[in-house]
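Test case, fold it:
(one chain, ligands or ions: 1)
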Amino acid sequence: MTSQLHLKSVNKRYNPGTDHEVHAVQDLDLEVVRGEIVALLGSSGCGKTSTLRMIAGFEEVSAGEVLIDGRRIDRLAPAKRGVAMAFEGYSLYPPLSIRENIAFALKSEKLPQSDVDNRVEQIAALLEISDILDKRPNAISGGQQQRASLGRALIRRADLHVLDEPMGQLEPQLRAILRGRIKHYIKEHELTAILVTHDQTEANALADRIAVMEGGVLQQFDTPEHLKNRPANIFTGAFIGEPPMNLFSAVAGVSADRVELRLSADTALSYPASAFSEELRQRIQHDDGIMIGIRPHSVQLTEEGLPAEVFANQWLGDQTHIAARFAGASIVSVVHDLALPRPGDQIKVSIAADDLHIFDTKSGDALSHGGSLA
Ligand SMILES: Nc1ncnc2c1ncn2[C@@H]1O[C@H](COP(=O)(O)OP(=O)(O)OP(=O)(O)O)[C@@H](O)[C@H]1O
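Okay, here's the model as predicted:
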């Protein structure tokens, strides 16, 4: 597969050599293949916007290289990079109508006026801004401006589309509708896109692959499914998924026929040895510290599980989150009905070996998912 965007060991340092130096992006390697949608996801300050701004040319690369379609572009002016962008602050031209602003992006394609009109109408309908096409930017809302700016980017045929929090200012219902439409449009027109978001739902819905960043460091670059089922480390495990993964430190006891994972003096998970691969049994037996992770959706409430005491029960309209004291800490379970346990009730929880994620405490790296090595 051809890589359309290639970041090679890219670094961003703000205020280098001063007391205020920030190493915002650290040795970032990332390849986006042609036709792919990639989301940069992470909490505030993780370096995702700095990365996007370096690709677009609004911020210098401190070290490393950025290539688009095999061409090194990190020293070029933004307009010479073949990049179509929707950025907050990369504003619409105030004297032009929204229609003219969007059509302006097609100038270099030298199309007949009727084609320009059709394409503008089509993108405006997709983004639900048909009714404001003849208004000026200062006469419309922030959310409408954002969609106009997104329209101006998406209408172009560029080597790469760079979108910064493209739906950050829209209300949830409109976002949900537009997510599907925008994804379909990008795929239909075979565009390649990289976007920044701090919204997991948005990243999961739009992106083919998600780059999870924290502290300027890429934690994992993978499909939404793998991020959920095969998190590379404790950070990704805890960051991806709602409610967050339950995590416990544990001590492994491995005998010929059982594997015991001791979570506290009075709580241990016990499994037949055959539930874990031979290599994994060897590995956890010799590891000085492990953490085990269990997704709340995988914590089962059963008759024969380990005891826990409920302290909160939250019905969210389509599922219940039950929080209980367990192994000297707490555990959250998701149940898909209006579950009955109330605060103070005793429940029993079971965790299948297939649903366990095991991490090395020191490095944070995943050792296993569901009984076999990561
Ligand atoms: N112009 C700047 N000068 C100095 N430090 C900066 C500058 N821009 C960003 N930083 C710092 O670099 C780090 C990464 O910031 P960046 O904006 O890339 O993160 P982010 O993940 O996009 O956060 P957010 O979601 O809040 O925008 C942060 O510590 C931030 O304070």
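
which stretches of the protein aren't confidently modelled?
Low-confidence segments of the chain (pLDDT under 70): 1, 89-90, 339.

Around the ligand, pick out the residues from it.
Counting by C-beta under 6 Å from any ligand atom, the chain comes close to the ligand at 14-15, 22, 24, 42, 44-50, 198. Just so you know, the C-beta spots here come from the backbone N, C-alpha and C atoms, and that holds for glycine as well.

Which members of the residues you listed are classed as buried?
24, 42, 46-50, 198 (16 or more other C-beta atoms under 10 Å).

Turn these into TSV, including secondary structure.
Shown next, in TSV, are these (DSSP: H, G, I helix; E, B strand; the rest coil):
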residue	secondary structure
Ala24	strand
Gly42	coil
Cys46	coil
Gly47	coil
Lys48	helix
Thr49	helix
Ser50	helix
His198	coil
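
of all those residues, which two lie farthest apart?
Ala24 and His198 (15.6 Å; C-beta to C-beta).

Helices of the stretch 251-374 of the chain, start to end?
Using DSSP state H, counting those that start in this stretch, the helices of the stretch 251-374 of the chain run over 278-286.

Where do the strands of it begin and end?
Ranges of strands within the stretch 251-374 of the chain are 258-264, 267-272, 290-294, 300-315, 320-326, 329-335, 346-350, 357-360, 366-369, 372-373, based on DSSP state E, counting those that start in this stretch.

And these: which comes nearest Ala211?
So among those, strand 366-369 is nearest, using C-beta to C-beta, at 17.2 Å.

Enumerate the positions of the closest one that are buried.
Those would be 366-369, for strand 366-369 by 16+ other C-beta under 10 Å.

swap in stretch 315-329?
So for stretch 315-329, counting by 16+ other C-beta under 10 Å, buried means 319-324, 326-327.

What of stretch 247-259?
Buried residues in stretch 247-259, counted by 16+ other C-beta under 10 Å: 247-248, 250, 252, 254, 259.

what about dumping the CA coordinates of it to PDB?
The C-alpha trace of stretch 247-259 is given here as PDB (Å, rounded to 0.1, in the frame of the first residue of the first chain):
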ATOM      1  CA  LEU A 247      -7.400  -2.300  36.600                       C
ATOM      2  CA  PHE A 248      -5.900  -4.300  39.500                       C
ATOM      3  CA  SER A 249      -2.300  -5.100  40.500                       C
ATOM      4  CA  ALA A 250      -1.900  -8.800  40.900                       C
ATOM      5  CA  VAL A 251       0.500 -11.600  41.800                       C
ATOM      6  CA  ALA A 252       0.400 -14.700  39.700                       C
ATOM      7  CA  GLY A 253       0.700 -18.100  41.200                       C
ATOM      8  CA  VAL A 254       1.200 -20.800  38.500                       C
ATOM      9  CA  SER A 255       1.000 -24.500  39.300                       C
ATOM     10  CA  ALA A 256       0.700 -27.500  37.000                       C
ATOM     11  CA  ASP A 257      -3.000 -27.300  36.700                       C
ATOM     12  CA  ARG A 258      -4.100 -23.900  37.900                       C
ATOM     13  CA  VAL A 259      -3.300 -20.200  37.400                       C
END
